[in-house]
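Asker: have a look; sequence and predicted model below, questions after that.
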Protein chains: 2
Amino acid sequence: MKLYSYFRSSAAYRVRIALNLKNLPYDYAPVHLLRDGGEQLKPEYRKLNPDAILPTCIDGDHVMQQSLAIIEYLEETHPEPPLLPKAPADRAYVRSAALQIACEIHPLNNLRVLKYLKHTLGVDDAAKDAWYRHWVECGFATLEEHLASDSRTGKLCFGDTPTLADACLVPQVFNAQRFKIDLAPFPTIQRINDYASQMDAFARAAPGVQPDAE
Amino acid sequence: MKLYSYFRSSAAYRVRIALNLKNLPYDYAPVHLLRDGGEQLKPEYRKLNPDAILPTCIDGDHVMQQSLAIIEYLEETHPEPPLLPKAPADRAYVRSAALQIACEIHPLNNLRVLKYLKHTLGVDDAAKDAWYRHWVECGFATLEEHLASDSRTGKLCFGDTPTLADACLVPQVFNAQRFKIDLAPFPTIQRINDYASQMDAFARAAPGVQPDAE
């Protein structure tokens, strides 16, 4: 398997966690999101990923985009250890936590959106930072409410074994910390992040230890 | 089953399509996103959905959020007719098309984001419309490229039978048309939308025929 990744891309980070949790070796193909105006915009990468975003995962003849679709594929082709619980309602719960991050927080704060705010709308750096902070804090507030109030929450988002939800939570917390967002109002998120981060599969997926880390 | 919906919510529209495709009857619980400052913000709704967004689906004791998680739940609990193909790589393909809409287009253009642009960033209506248009056109351009170049595309996103991808595409096209976005540059999207829209399950899910339509 081959993963097109950038050490700081949180969508790629999710897939790195999933690959590690499933003990699947993979080739790391770095795509630098900033160098030369962004290597993801080059024609050879856009052939694999017309959206010009990360990650792309290649398995044999299959070229796949979108982190959550790739992780579901890994789950279906390599079921052990599972990243989703068994009961459909529990699976919906884990998927909804993952989607809450993937749809309600992350899309608002990725590079191309921040660029549009700055270059097209002429938003200054302070307002751009406030935007970033706002969507993380809004999203984390409701995620915290979910996790803190649901009896299914354990050491991790669903009990004590890692799921798709943890694979989304940890990269989003990494982003928040990079942006110096105070996590004190989100004790459950912080606790889950701290517990997951010291697990081998998560530690090996961390941005700082990737081949292209700076 | 009970679905909290608003006739124009495109995330709720996705679930309505899926419920209809699976011939599942449901109670329609309207949540007016604009009336009284937004009924989704009321405490009784936020108990079901801390994000204060639509849809929420209740099946027995299970309260579920996030349209794609709900549709996967429907797929697992009511497998026929399937909304995902059989082969894992094909499932990844359909899911990635759905996620491309759900993660790359829709989150940037929902009500709360447009409100933030207007009220917090002080963006004028013309720039707000340009923002909306920009993300739909960017997202549709790459979705068009995917669909037009992949041999799996048929009358619909994957062959000739409806999938999760079509359940996301049709509501997004509805939004685009409401915003008078020219679909001429996206002939495959337009063709799929036209074909799907006349199918009974899609027609019955359309905003204009919902109990709370205005």
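Answerer: On my side now, so go ahead. None of these values were measured; they are calculated from a predicted model.
Asker: so who does the residue nearest to residue A:26 when sequence neighbours are not counted touch?
Answerer: Leaving aside its chain neighbours, residue A:26 sits nearest to residue A:1 (4.2 Å; criterion: C-beta to C-beta, 6 or more residues apart in numbering or on different chains). Every residue, glycine included, has its C-beta placed from N, CA and C. Each residue near residue A:1 by C-beta atoms under 8 Å, 6 or more residues apart in numbering or on different chains is listed here: A:19, A:24, A:25, A:26, A:27, A:57, A:58, A:59.
Asker: in helices, which of those appear?
Answerer: Among the contacts of residue A:1, DSSP state H puts residue A:19 in helices.
Asker: which of the contacts of residue A:1 tops the neighbour count?
Answerer: residue A:57 (28 neighbours; other C-beta atoms under 10 Å in any protein chain shown).
Asker: is it true that it touches residue A:15?
Answerer: Yes - between residue A:57 and residue A:15 there is a contact at 6.3 Å, judged by C-beta atoms under 8 Å.
Asker: anything in contact with each of those two?
Answerer: Common neighbours of residue A:57 and residue A:15 (criterion: C-beta under 8 Å, 6+ apart): A:3, A:70.
Asker: and what about the residue sitting furthest away from the middle of chain A, helix, strand or coil?
Answerer: Most distant from the centre of chain A: residue A:122, at 28.1 Å, with distances by C-alpha atoms, centre = their mean. At residue A:122, secondary structure determined by DSSP: H, G, I helix; E, B strand; the rest coil is coil.
Asker: tell me the pLDDT of it.
Answerer: Looking at residue A:122, its pLDDT stands at 94.
Asker: cool, and the one 3 residues further on?
Answerer: On pLDDT, residue A:125 comes in at 95.
Asker: repeat that for residue A:139.
Answerer: At residue A:139, the model reports a pLDDT of 95.
Asker: gap between it and chain B?
Answerer: Computed with C-beta to the nearest C-beta, to the nearest Å, the distance linking residue A:139 and chain B is 8 Å.
Asker: quick check: that residue touching residue A:104?
Answerer: Yes - if you go by C-beta under 8 Å, residue A:139 and residue A:104 touch, sitting 5.0 Å apart.
Asker: now do the shared contacts for the two.
Answerer: Overlap of the contact sets of residue A:139 and residue A:104 (by C-beta under 8 Å, 6+ apart) is empty.
Asker: quick revisit: out of the contacts of residue A:1, which comes closest to residue A:186?
Answerer: Using C-beta to C-beta, residue A:19 comes nearest to residue A:186 of the contacts of residue A:1, at 27.0 Å.
Asker: which one is that closest one nearest to, not counting chain neighbours?
Answerer: residue A:26 (5.4 Å).
Asker: for residue A:118, same thing?
Answerer: residue A:128 (5.9 Å).
Asker: just checking, what packs against the host helix or strand of that neighbour?
Answerer: Using DSSP states H and E, residue A:128 sits in helix A:125-149. The helices and strands touching helix A:125-149, judged by 3 or more C-beta pairs under 8 Å, 6 or more residues apart in numbering or on different chains; DSSP states H and E, are helix A:88-104, helix A:111-115, helix A:164-178, helix A:187-197.
Asker: out of the ones you listed, the one nearest chain B is which?
Answerer: With distances scored as C-beta to the nearest C-beta, the stretch of the helices and strands packed on helix A:125-149 nearest to chain B is helix A:88-104 (3.8 Å).
Asker: how about the closest one against chain B, any contact?
Answerer: Yes - using C-beta under 8 Å from any C-beta of the partner chain, helix A:88-104 comes into contact with chain B via A:88-89, A:91-93, A:95-96, A:98-100, A:102-104.
Asker: what is the rounded mean pLDDT of that helix?
Answerer: 97.
Asker: go on, stretch A:178-197?
Answerer: Stretch A:178-197 shows an average pLDDT of 97 in the prediction.
Asker: run through who's touching it.
Answerer: A:8, A:129, A:132-133, A:136-137, A:140-141, A:143-144, A:147-148, A:153, A:155-157, A:162, A:166, A:169-170, A:173, A:176-177, A:202-203, A:206.
Asker: what's the domain layout of chain A?
Answerer: Taking automatic domain parsing as the criterion, chain A consists of the domains A:2-81, A:88-202.
Asker: dump these to CSV, plus distance to residue B:70.
Answerer: Converted to CSV, the domains of chain A look like this (distance: least, C-beta to C-beta, whole Å):
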stretch, distance to residue B:70
domain A:2-81, 15
domain A:88-202, 7
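Asker: could you dump stretch A:43-61 to PDB, C-alpha only?
Answerer: Output of stretch A:43-61 as PDB, limited to C-alpha atoms (Å, rounded to 0.1, in the frame of the first residue of the first chain):
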ATOM      1  CA  PRO A  43      -0.500  17.600 -12.600                       C
ATOM      2  CA  GLU A  44       1.000  14.200 -11.600                       C
ATOM      3  CA  TYR A  45      -0.700  14.400  -8.200                       C
ATOM      4  CA  ARG A  46      -3.900  15.800  -9.500                       C
ATOM      5  CA  LYS A  47      -4.200  12.700 -11.800                       C
ATOM      6  CA  LEU A  48      -4.500  10.700  -8.600                       C
ATOM      7  CA  ASN A  49      -6.500  13.200  -6.700                       C
ATOM      8  CA  PRO A  50      -8.500  15.800  -8.800                       C
ATOM      9  CA  ASP A  51      -9.300  17.700  -5.600                       C
ATOM     10  CA  ALA A  52      -5.600  18.300  -5.000                       C
ATOM     11  CA  ILE A  53      -5.900  17.400  -1.400                       C
ATOM     12  CA  LEU A  54      -4.400  14.700   0.900                       C
ATOM     13  CA  PRO A  55      -4.500  11.900   1.400                       C
ATOM     14  CA  THR A  56      -4.500   9.500  -1.500                       C
ATOM     15  CA  CYS A  57      -4.100   5.800  -0.900                       C
ATOM     16  CA  ILE A  58      -3.100   3.300  -3.500                       C
ATOM     17  CA  ASP A  59      -3.700  -0.400  -3.000                       C
ATOM     18  CA  GLY A  60      -2.800  -2.500  -6.000                       C
ATOM     19  CA  ASP A  61      -4.800  -1.000  -8.900                       C
END
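Asker: centre of the chain versus that stretch, how much separation?
Answerer: Taking C-alpha atoms, centre = their mean, to the nearest Å, one finds stretch A:43-61 lying 17 Å from the centre of the chain it belongs to.
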